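K.L.:
Need the 3D shape of this:
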Amino acid sequence: MTFWNYPETKSGVRKMGPIQVSTRPYPEVLLDSRGYTGFSALYGENSRITEPGGRLGYCTERILSGLSDRPAWGIATADFHQEGEGGEKLGNYQTFFM
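P.N.:
Modelled structure (predicted):
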């Protein structure tokens with residue numbers, strides 16, 4: 001399974017200690033790539049991907065027109081960096097595949 005993580009996030013451009021992180025938002029990958037299982041649709045920042053007429057609608061149109069052979073799943077995601085940070089524990093974030 002392959003998921004695009006946080007395609008619209010702006011937090012990928014920041015300073016982390018001595019390192020400058022520079023991953024700009026990349027929502028166009030949902031339109032330009034094929035064969036992925038899904039993408040982060042809900043997370044801690046405002047996301048426009050799921051708005052009517054947005055990229056999710058375009059992905060759906062590709063399926064209906066036969067350009068894609070399967071739907072892309074929109075999933076909720078959350079970052080986990082360290083046990084106890086922000087009162088969080090790793091077990092608070094569960095993923096289920098059925």
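
K.L.:
Least confident secondary structure element in the protein?
P.N.:
helix 55-64 (a mean of 66; mean pLDDT, DSSP states H and E).

K.L.:
just the strands in the protein please.
P.N.:
3-4, 13-16, 19-22, 38-42, 73-76 (DSSP state E).

K.L.:
neighbours around the closest residue in space to Asn5 that isn't next to it in sequence, how many?
P.N.:
Closest residue to Asn5 apart from its sequence neighbours, by Cβ to Cβ, 6 or more residues apart in numbering: Ser40 at 5.3 Å. Any C-beta I mention is one placed from the backbone N, CA and C, and that applies to glycine too. Using other Cβ atoms under 10 Å, Ser40 is surrounded by 20 other residues.

K.L.:
mind listing what the one residue sitting closest to the centre of the chain touches?
P.N.:
Centrality entry for the chain: nearest residue to the mean C-alpha point is Ser40, 2.4 Å, by Cα atoms, centre = their mean. Ser40 makes contacts with Phe3, Trp4, Asn5, Tyr6, Pro7, Ser47, Gly74, Ile75, Ala76, Thr77, as judged by Cβ atoms under 8 Å, 6 or more residues apart in numbering.

K.L.:
Distance of the residue lying farthest from the centre of the chain relative to Gly38?
P.N.:
The centre of the chain is farthest from one residue, Pro18, which by Cα atoms, centre = their mean lies 26.5 Å away. Distance from Pro18 to Gly38, counting by Cβ to Cβ, to the nearest Å: 34 Å.

K.L.:
Sounds good, over and out.
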